[in-house]
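> Curious how this folds, go ahead:
(chains A, B, C and D)
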Protein chains: 2
Amino acid sequence: MNKITLKDIAKHFGVSIPTVSKAVHDSYEISRGLKERIQKYAKENHYKPNKLALNLINKSTRAIGVLVPNILNYFFVQVLYGIEKVAHEKGYNIISCISDESFEKESKTLAILDSGTVDGLIVSLSEETQLKGKMEALNEITSNQIPLVLFDRVSDLIACDKVVVDDFEAAYKTTRYFMDIGCKNIAFVSPIGNSSVGILRHEGYRKALTDNGYDYDAKMVINCGPKDDLDLLMAFVLAEKKIDGILGLDEITAVKILQIVKSKGYEVPGDISIIGFTNGQLSKYVSPSLTMVSQHGKYIGESAAKLLIHRIENPNADLPFETKVVKTSLIVRESTKKTE
Amino acid sequence: MNKITLKDIAKHFGVSIPTVSKAVHDSYEISRGLKERIQKYAKENHYKPNKLALNLINKSTRAIGVLVPNILNYFFVQVLYGIEKVAHEKGYNIISCISDESFEKESKTLAILDSGTVDGLIVSLSEETQLKGKMEALNEITSNQIPLVLFDRVSDLIACDKVVVDDFEAAYKTTRYFMDIGCKNIAFVSPIGNSSVGILRHEGYRKALTDNGYDYDAKMVINCGPKDDLDLLMAFVLAEKKIDGILGLDEITAVKILQIVKSKGYEVPGDISIIGFTNGQLSKYVSPSLTMVSQHGKYIGESAAKLLIHRIENPNADLPFETKVVKTSLIVRESTKKTE
DNA sequence: GTGAAAGCGCTAACAT
DNA sequence: ATGTTAGCGCTTTCAC
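This is a model prediction of the structure:
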């Protein structure tokens, strides 16, 4: 027994399909008696209008696709949460996909999404894609007239709305903060050296140093891939220089740095101050608790969703593309010395 | 300019729609020349077959709906990750929805999903729904013939495939573990007192106590809602009894317990041993690191997805409903004393 | 080789 | 008050 359709009901009552359609929609055109009998029968048999058919007619699915590089990263979960919140309020569902930082999976997923399944798309690029700079899949989307919002990991090669963090400025200000609390030798640890985000933060860090008469030393910059041994890399740098400040580009990295530094006998923040990006669940609970740069993930998600839905619902408005910059804020905890 | 369709191409070449359809599908029926010209034109104009139309014909969307109570809980993220992995491999997309532990949002979401949008559904019930025991929305789903898999927070009122953790046994064994390391007074802290999961674990805890000649004391059971002050509740219990073991039912609770206990001057595990459920990101990095019951979230997700997809793809197999029980395992870290 | 016809489930405009 | 027609975009017979 398959799902019941208007046709089935029509046959059962010996009436036409539109009659049934009107009846279930409680149209005034249909006689009381018939209407009631049809409605009763429909309910008893769990009739539900087939969304697929409606979507085809309306050319809309009320679904938005979301593609993130990594769902085990708390930042992206927060963004997802924000997107879901707004989407749900406005009556949209979200199709969430994960690229696992892979160019291929990202491209494949986009190709699937790009054919009527979604009314719009919210994407954060995989690291591999940003590294390669190959944006065909996304440009295919935009050339296909599907609204697209990029967030966090964005690219200049794509013309669309964007929501980003002020990564350059955040890193700049954070580096300055290190200086303010008296740090002289500030290391920079990046697990995302290839992404736009990592690059911008690196530039902010560097600029803050040179602007303020500090030396920029490439040795103080640690790029660590997922398979690198951070412990070893850190040991190297720590041996070389008398480091008193470390900036980690995501939460898990900051926590790992803390562990490594502590295990080597340094006091935090006595000997070394630590700040990390992404204020998630970890930083509050480790000891000492970590000073973090909050990116306001949920807010980013909400903004992206609003931007997208606005575009979906005003297809002819011909609005110029907008890049929304969300300011970060520093959550000061125990891992940094007090301001001098 | 709207999306290009077969009709548009047909008009452009002055041929019929089926001809174009065959041409883009590279059918041998169509002459070389025409085929090539059509294919070229189609590619240039970004022609993509409209999925909506195909879905309508095939009565399938290659999408599965996932509904979880709370996405900021790492366990559910892990499950989601597992589901996505399997789904992606088998060519399905995921529509992820969040109930926020609300009965109403859950019901509404299910109603939306229940009309052709998805080929199947994976759900973990909201706490409110389990408390109320009102399963209409889900039974509507099953009566509508759409495959459903429930995981973790399940209900006997619904006949479908299920994937659960051996909550009773896990709590039983964990309580026994406390005894083995010499704990006499074991408290039980539950933020999910109303869910099946919380209830089963409570029973396991209780049974372990009475089976082994320990007293079960309701005062040692702390049910803490999201707005309760755990600090206060704990202070109460700690003042009353000489507690030397605490079991927390999720990761964040376990971490909070650790903080509270430490702040009150107890040594962990010297004075008090702590074990938590859900082996996530936090427990490894707090100090002392926490001994945790791993529920293998990713594996649960993979299992649920496999079960569901198998059902979707064998609609007539008439398989009996299956409940898969995933064994937990204890990850021993520093928050528990060594076995005596 | 190409096209006409039918149908997926539904709705909207237009008869009767 | 009910039915007919047409169409959303596509595929699949089946004719020519």
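> confidence score at A:Leu209?
Each residue has a pLDDT score; the one for A:Leu209 is 98.
> pretty sure it is touching A:Val221, no?
No - the pair A:Leu209 / A:Val221 is not scored as a contact, 10.8 Å apart, by CB atoms under 8 Å. Where C-beta positions appear, they are placed from N, C-alpha and C, glycine not excepted.
> And these two? Which one has more around it.
A:Leu209 (21 against 17; other CB atoms under 10 Å in any protein chain shown).
> which SSE is that one in?
helix A:196-211 (DSSP states H and E).
> export that helix as PDB, just CAs?
The C-alpha trace of helix A:196-211 is given here as PDB (Å, rounded to 0.1, in the frame of the first residue of the first chain):
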ATOM      1  CA  SER A 196      41.700  32.800   4.000                       C
ATOM      2  CA  VAL A 197      41.000  33.000   7.700                       C
ATOM      3  CA  GLY A 198      44.500  31.700   8.700                       C
ATOM      4  CA  ILE A 199      46.200  34.000   6.200                       C
ATOM      5  CA  LEU A 200      44.300  37.100   7.300                       C
ATOM      6  CA  ARG A 201      45.000  36.500  11.000                       C
ATOM      7  CA  HIS A 202      48.700  35.900  10.200                       C
ATOM      8  CA  GLU A 203      48.800  39.300   8.400                       C
ATOM      9  CA  GLY A 204      47.100  41.000  11.400                       C
ATOM     10  CA  TYR A 205      49.600  39.400  13.700                       C
ATOM     11  CA  ARG A 206      52.500  40.500  11.600                       C
ATOM     12  CA  LYS A 207      51.300  44.000  11.100                       C
ATOM     13  CA  ALA A 208      50.700  44.500  14.800                       C
ATOM     14  CA  LEU A 209      54.300  43.500  15.400                       C
ATOM     15  CA  THR A 210      55.900  45.700  12.900                       C
ATOM     16  CA  ASP A 211      53.600  48.600  13.600                       C
END
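> And the contacts of the following helix or strand past that helix?
As assigned by DSSP H and E, the chain's next helix or strand after helix A:196-211 is strand A:221-223. By CB atoms under 8 Å, 6 or more residues apart in numbering or on different chains, the surrounding residues in contact with strand A:221-223 are A:187-191, A:193, A:202, A:230, A:233-234, A:237.
> try 7 Å this time
Strand A:221-223 has contacts (CB atoms under 7 Å, 6 or more residues apart in numbering or on different chains) with A:187-190, A:193, A:202, A:233, A:237.
> Kindly report the same for stretch A:164-173.
A:151-152, A:154, A:197, A:200-201, A:203-205, A:207-208, A:293, A:295, A:323, A:325-328.
> tell me which residues of it are tucked away?
Buried residues in stretch A:164-173, counting neighbours by 16 or more other CB atoms under 10 Å in any protein chain shown, are found at A:164-173.
> ok so, going back, reformat the contacts of strand A:221-223 as TSV; add pLDDT.
Below are those laid out as TSV (pLDDT from 0 to 100):
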residue	pLDDT
A:Ala187	98
A:Phe188	98
A:Val189	98
A:Ser190	97
A:Gly193	91
A:His202	98
A:Leu233	95
A:Val237	94
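> Now intersect those with the helices, please.
Judged by DSSP state H, helices contain the following of the contacts of strand A:221-223: A:202, A:233, A:237.
> For PyMOL, write the selection for the buried entries among the residues you listed.
Selection of the buried residues among the ones in helices among the contacts of strand A:221-223 in PyMOL, burial being defined by 16+ other CB under 10 Å:
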select buried, chain A and resi 202+237
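> Export the ones in helices among the contacts of strand A:221-223 as a markdown table, with columns for distance to DNA strand C.
Shown next, in a markdown table, are the ones in helices among the contacts of strand A:221-223 (distance: CB to the nearest atom of the strand, whole Å):
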| residue | distance to DNA strand C |
| --- | --- |
| A:His202 | 53 |
| A:Leu233 | 58 |
| A:Val237 | 63 |
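> just the ones in helices among the contacts of strand A:221-223 now: which is nearest B:Lys59?
Set against B:Lys59, the nearest of those by CB to CB is A:His202 (51.5 Å).
> how about that closest one, what does it touch?
Taking CB under 7 Å, 6+ apart as the test, what A:His202 contacts is A:188, A:190, A:221.
> in stretch A:188-207, what's buried?
Buried, per 16+ other CB under 10 Å, within stretch A:188-207: A:188-202, A:204-207.
> sorry, that was for stretch A:277-286
So stretch A:277-286, judged by 16+ other CB under 10 Å, has buried residues A:277-283, A:285-286.
> do it and chain B meet?
Yes - using CB under 7 Å from any CB of the partner chain, stretch A:277-286 reaches chain B at A:281-282, A:285-286.
> How far does that stretch sit from its chain's centre?
Stretch A:277-286 sits 18 Å away from the centroid of its parent chain (CA atoms, centre = their mean, to the nearest Å).
> Contact residues of the stretch 201-340 of chain A facing chain B?
Contact residues, the stretch 201-340 of chain A versus chain B (CB under 7 Å from any CB): A:255, A:259, A:281-282, A:285-287.
> circling back: tell me which of the residues of stretch A:277-286 next to chain B fall in helices.
Those of these lying in helices (DSSP H): A:282, A:285.
> Closest one of the residues of stretch A:277-286 next to chain B to DNA strand C?
Nearest to DNA strand C, judged by CB to the nearest atom of the strand, of the residues of stretch A:277-286 next to chain B is A:Gln281 at 44.6 Å.
> quick one: the closest one and A:Phe75 touch, right?
No - in this structure A:Gln281 lies outside contact range of A:Phe75 using CB atoms under 7 Å: 11.1 Å.
> now for the strand or helix carrying A:Asn55, which elements pack on it?
Using DSSP H and E, A:Asn55 maps to helix A:51-58. Helices and strands touching helix A:51-58, by 3 or more CB pairs under 7 Å, 6 or more residues apart in numbering or on different chains; DSSP states H and E, are helix B:51-58.
> and whichever helix or strand comes after the helix it packs on, average pLDDT?
For helix B:51-58, the succeeding helix or strand toward the C-terminus, using DSSP H and E, is strand B:63-68. Strand B:63-68 carries an average pLDDT of 98.
> Now do strand B:63-68 against strand A:63-68, angle only.
70 degrees (axes from the mean of the first three to the mean of the last three CA atoms, to 10 degrees).
> Look at the residue nearest to A:Asn73 when sequence neighbours are not counted and say how many residues are nearby.
Spatial nearest neighbour of A:Asn73, excluding adjacent residues (CB to CB, 6 or more residues apart in numbering or on different chains): A:Asp250 at 7.0 Å. Residues contacting A:Asp250 under the criterion other CB under 10 Å number 22.
> Repeat that for A:Lys256.
Neighbours of A:Lys256 (other CB under 10 Å): 20.
> ok now do A:Val86, which residues does it touch?
With the criterion set at CB under 7 Å, 6+ apart, A:Val86 makes contact with A:302, A:305-306.
> Now with 10 Å, please.
A:64, A:92, A:94, A:301-309 (CB atoms under 10 Å, 6 or more residues apart in numbering or on different chains).
> near DNA strand D, which residues of chain A?
A:14-19, A:22, A:29-31, A:34-35, A:53, A:56-57, A:59 (CB under 7 Å from any atom of the strand).
> Next, A:Ile274: phi, psi?
For A:Ile274, the backbone dihedrals (degrees, to the nearest 10) come out as phi -130, psi 140.
> And it, what's its pLDDT?
Per-residue confidence (pLDDT) for A:Ile274: 98.
> The residue nearest to A:Asn73 touches A:Leu72, doesn't it?
No - assessed by CB atoms under 10 Å, A:Asp250 is found out of contact with A:Leu72, at 11.5 Å.
> Sweet, I'm off.
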